[in-house]
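In: Prediction below, plus the sequence it came from.
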Amino acid sequence: MKILIVDDTNTDRLLLKMYLSKLEHDVIEAVNGEQAIIQYIKDANELDLILMDVQMPEMGGFEAVSKIRSIQESRNLEWVPIIFLSASAEAEDIDEGIRAGGDDYLIKPIHQKVLSAKMLAMQRIADMRHRLILANNVLEAQASTDHLTGILNRRALETVLDREVARSKRFESAFSFALFDLDHFKRVNDNYGHDAGDFVLAEVVKRVSQGLRSDDALGRVGGEEFGVVIFNCVGKKARDACERYRQLVAEKPFIFNGIEIKTSISVGCVAFDIKTDSRESIYKKADVCLYEAKGAGRNRVVYQE
Ligand SMILES: Nc1nc2c(ncn2[C@@H]2O[C@H](COP(=O)(O)OP(=O)(O)OP(=O)(O)O)[C@@H](O)[C@H]2O)c(=O)[nH]1
């Protein structure tokens, strides 16, 4: 485990460190409450346990833990178990410590057997937390992914767009948003079947992905409609990017079970206007451009500055 020991008494801290290191734990140290908070902010998502002395000059253990818990809450950081170590066995102190956000309370001097038993229990909790974090990451990835194509789903792309809108307004950075839709895609399904349609959708994504810059965000926003957030890019460069996506789809047919299937995309793209646009308005404008591209004959790009 990665353990933060907080104690102002050098000998106590060093003894504890020596003992925990022998048990093969990775130990970091802080000598008061203030330092503990700084270490916690730095290592929050890696820490498995905090051992916190109670009596310390400047900021004592109860205050430090109460601050750590509110930072954890406000910044949405991982929960870390905290055990107080104190010479006081008063019921009031134990009560105050647990209320401040501690999870356990050990009375000094701590018998080595008790400490190693506690570490065993904490290791079990740490293992369980790691499993939970992994499972959570998998769930989060699944919740933001479109299963057919493996790219972002609508909700996740809208989150990216929201973030970019906020960033653009704050730093006056430029970006464009494109919507594209497969042309006459209904015919692909009608002529070759739904499996062929699914195949073409996935292949279109692969081809367009080849034309994206690595940090641009591509998502599936509807059945055969996709969105791209094109970061730091407006004007001719954004139009060229969309033209690249269009060409990659149209340049050669897709081969499904030996059958050649031709398709193309129409693209509507707009530059974000820092003064007047919101996520909703840029989305609507891109949709209007896409509609124009369809109306003008499909397999083309309509870009609006
Ligand atoms: N295979 C497959 N087809 C889908 C999926 N989602 C939507 N579609 C199909 O996409 C087609 C969309 O048809 P329309 O909205 O008429 O559009 P279109 O035929 O592409 O014509 P234009 O957009 O006007 O060029 C419908 O046949 C839908 O069933 C999907 O996940 N898989």
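Out: Received the coordinates, thanks. Residues are numbered from 1 along each chain as shown.
In: which residues of the chain fall in strands?
Out: 2-6, 26-30, 49-53, 82-86, 104-107, 175-182, 217-220, 225-231, 254-256, 259-261, 265-271, 301-304 (DSSP state E).
In: wait, which of those is closest to residue 130?
Out: For these, the distance to residue 130 is smallest for strand 2-6, at 11.3 Å, taking CB to CB. Where you see a C-beta, it was placed from the backbone N, CA and C, and this is true even at glycine.
In: which strands and helices sit next to the closest one?
Out: helix 10-22, strand 26-30, helix 33-43, strand 49-53 (3 or more CB pairs under 8 Å, 6 or more residues apart in numbering; DSSP states H and E).
In: if I look at the residue nearest to residue 1 when sequence neighbours are not counted, how far off is residue 189?
Out: Counting by CB to CB, 6 or more residues apart in numbering, residue 1 lies nearest to residue 48, which is 3.7 Å off, once chain neighbours are set aside. Distance, residue 48 to residue 189, using CB to CB, to the nearest Å: 52 Å.
In: One more: residue 279?
Out: From residue 279 to residue 189 the distance is 31 Å (CB to CB).
In: Can you check what angle separates the helix ranked longest in the chain from strand 49-53?
Out: Determined from DSSP state H, the single longest helix within the chain is helix 112-143. Angle between the axes of helix 112-143 and strand 49-53 is 140 degrees (criterion: axes from the mean of the first three to the mean of the last three CA atoms, to 10 degrees).
In: Helix 112-143 - contacts with which helices or strands?
Out: Secondary elements touching helix 112-143 (3+ CB pairs under 8 Å, 6+ apart): helix 10-22, strand 104-107.
In: quick check, distance from the first one to the centre of its chain.
Out: Taking CA atoms, centre = their mean, to the nearest Å, one finds the center of helix 10-22 at 36 Å from the center of the full chain.
In: relative to strand 82-86, how tilted is that helix?
Out: Using the same axes, to 10 degrees: helix 10-22 against strand 82-86 is 140 degrees.
In: quick one: buried residues of helix 10-22?
Out: In terms of neighbour count (16 or more other CB atoms under 10 Å), helix 10-22 has its buried residues at 12-13, 16-17, 19-20.
In: Torsion angles phi and psi at residue 54?
Out: According to degrees, to the nearest 10, the main-chain angles of residue 54 amount to phi -100, psi -50.
In: For it, give me its contacts.
Out: Residue 54 makes contact with 60-62, 84-86, 88, 93, 97, according to CB atoms under 8 Å, 6 or more residues apart in numbering.
In: can you list the strands of the chain in CSV and add mean neighbour count and distance to the ligand?
Out: What follows is the strands of the chain, written out as CSV (neighbours: other CB atoms under 10 Å; distance: least, CB to the nearest ligand atom, whole Å):
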stretch, mean neighbour count, distance to the ligand
strand 2-6, 23, 45
strand 26-30, 18, 48
strand 49-53, 26, 47
strand 82-86, 23, 49
strand 104-107, 17, 52
strand 175-182, 25, 5
strand 217-220, 23, 9
strand 225-231, 23, 8
strand 254-256, 17, 11
strand 259-261, 13, 11
strand 265-271, 26, 7
strand 301-304, 21, 14
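In: Turn those into TSV, columns for distance to residue 133.
Out: Shown next, in TSV, are these (distance: least, CB to CB, whole Å):
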stretch	distance to residue 133
strand 2-6	14
strand 26-30	17
strand 49-53	15
strand 82-86	18
strand 104-107	21
strand 175-182	32
strand 217-220	25
strand 225-231	28
strand 254-256	40
strand 259-261	43
strand 265-271	38
strand 301-304	43
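In: can you redo those strands as TSV with mean pLDDT?
Out: Converted to TSV, those look like this (pLDDT from 0 to 100):
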stretch	mean pLDDT
strand 2-6	97
strand 26-30	96
strand 49-53	97
strand 82-86	96
strand 104-107	95
strand 175-182	97
strand 217-220	98
strand 225-231	97
strand 254-256	97
strand 259-261	96
strand 265-271	98
strand 301-304	95
